[in-house]
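1. Below is the structure, and that's it, no one-letter string:
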Ligand code: PEP
């Protein structure tokens, strides 16, 4: 399976800055076998960046979209509008769940809409610190996983990418802590166990599971070498070319081992 390195730029960079930054990354990054690199710029930058990027090197991901295809939904952008611009779309990011109050139903509709539209959803799941302290991690991961995947047919499961992102480890969260590789391994095992129990081992093995939460060039290798981790979703460090590039180099080294 490929290794995925996905940068989430969140609400950073103007369109001009995004374009300059992509230019810088394209100059540095060389395509590598078995490595898929994508960045998720702000929605307004997707159109110009889709013309600028070399998809063999860097693909684009949407940070957000609405699940309806068209209609009276002021301010929203649909998958059919994004179809020619992006290959991937984040769904269920904790900032969407907790700041914008997206429900499991919204997330489920979005996962299904992305698949209908030919865009691979990156379904983000992860427990908060309180849920972790109360020993609810497994229940939360299971609920978010199956809540998000409920409307996906078994044949379409291989289009889904799951990202485990413990909310307490996301660098922009106040008091964020670093998840130890052991913490991450436990949760990845939980995710894979439930996927296999519900969909069978063969289908489970085709679903990439990424890790995200304060990843940087110092800790990337430790997460990438965990069993059954197929890549990284990176926020803060993806905004700094040197760091993003260093993480990509680490991924290349680990992937080619
Ligand atoms: C994220 O918000 O998806 C994320 C992983 O952020 P960071 O890498 O900054 O913790």
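-> Nice, thanks for sending it over. Quantities reported herein were computed from a predicted structural model and do not represent experimental measurements.

2. what residues does the stretch 51-200 of the chain put near the ligand?
-> 165, 170, 171, 172 (Cβ under 6 Å from any ligand atom). Where you see a C-beta, it was placed from the backbone N, CA and C, and this is true even at glycine.

3. so can I have TSV of these showing neighbour count, distance to residue 202 and secondary structure?
-> Output for those, formatted as TSV (neighbours: other Cβ atoms under 10 Å; distance: Cβ to Cβ, whole Å; DSSP: H, G, I helix; E, B strand; the rest coil):
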residue	neighbour count	distance to residue 202	secondary structure
165	25	26	coil
170	20	32	coil
171	15	36	coil
172	11	37	coil
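
4. Just send these back as JSON lines, with distance to residue 245 and pLDDT too.
-> JSON lines is the format used below for those (distance: Cβ to Cβ, whole Å; pLDDT from 0 to 100):
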{"residue": "165", "distance to residue 245": "22", "pLDDT": "98"}
{"residue": "170", "distance to residue 245": "22", "pLDDT": "94"}
{"residue": "171", "distance to residue 245": "18", "pLDDT": "91"}
{"residue": "172", "distance to residue 245": "21", "pLDDT": "89"}
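
5. Could you list every helix and strand that the helix ranked longest in the chain packs against?
-> Ranked by residue count and defined by DSSP state H, the top helix of the chain is helix 181-199. With contacts defined as 3 or more Cβ pairs under 8 Å, 6 or more residues apart in numbering; DSSP states H and E, the packing partners of helix 181-199 are helix 137-149, strand 161-164, helix 201-204, strand 209-212, helix 220-224.

6. Redo these as a markdown table? Include mean neighbour count.
-> What follows is those, written out as a markdown table (neighbours: other Cβ atoms under 10 Å):
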| stretch | mean neighbour count |
| --- | --- |
| helix 137-149 | 19 |
| strand 161-164 | 26 |
| helix 201-204 | 13 |
| strand 209-212 | 26 |
| helix 220-224 | 20 |
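
7. any chance of those in a markdown table, plus mean pLDDT?
-> Shown next, in a markdown table, are the helices and strands packed on helix 181-199 (pLDDT from 0 to 100):
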| stretch | mean pLDDT |
| --- | --- |
| helix 137-149 | 97 |
| strand 161-164 | 98 |
| helix 201-204 | 96 |
| strand 209-212 | 98 |
| helix 220-224 | 98 |
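
8. Now tabulate these in CSV and tack on distance to residue 110.
-> Below are the helices and strands packed on helix 181-199 laid out as CSV (distance: least, Cβ to Cβ, whole Å):
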stretch, distance to residue 110
helix 137-149, 8
strand 161-164, 14
helix 201-204, 21
strand 209-212, 18
helix 220-224, 26
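
9. of those, which approaches residue 85 most closely?
-> When the helices and strands packed on helix 181-199 are compared by Cβ to Cβ, strand 161-164 sits nearest residue 85, at 18.0 Å.

10. by contact count, what packs against the closest one?
-> Strand 161-164 packs on strand 120-125, helix 181-199, strand 209-212, going by 3+ Cβ pairs under 8 Å, 6+ apart.

11. List of residues touching it?
-> Here strand 161-164 makes contact (Cβ atoms under 8 Å, 6 or more residues apart in numbering) with 4, 6, 88, 90, 120-126, 141, 145, 184, 187-188, 191, 195, 207-212, 233.

12. quick one, what contacts the closest residue to residue 15 other than its chain neighbours?
-> The shortest distance from residue 15 to any non-neighbouring residue, by Cβ to Cβ, 6 or more residues apart in numbering, is to residue 45 (4.7 Å). If you count contacts by Cβ under 8 Å, 6+ apart, residue 45 has them with 13, 15, 18, 19.

13. Figure out the helix or strand that residue 45 lives in.
-> If you go by DSSP states H and E, residue 45 is part of helix 43-52.

14. Perfect, I'm done here.
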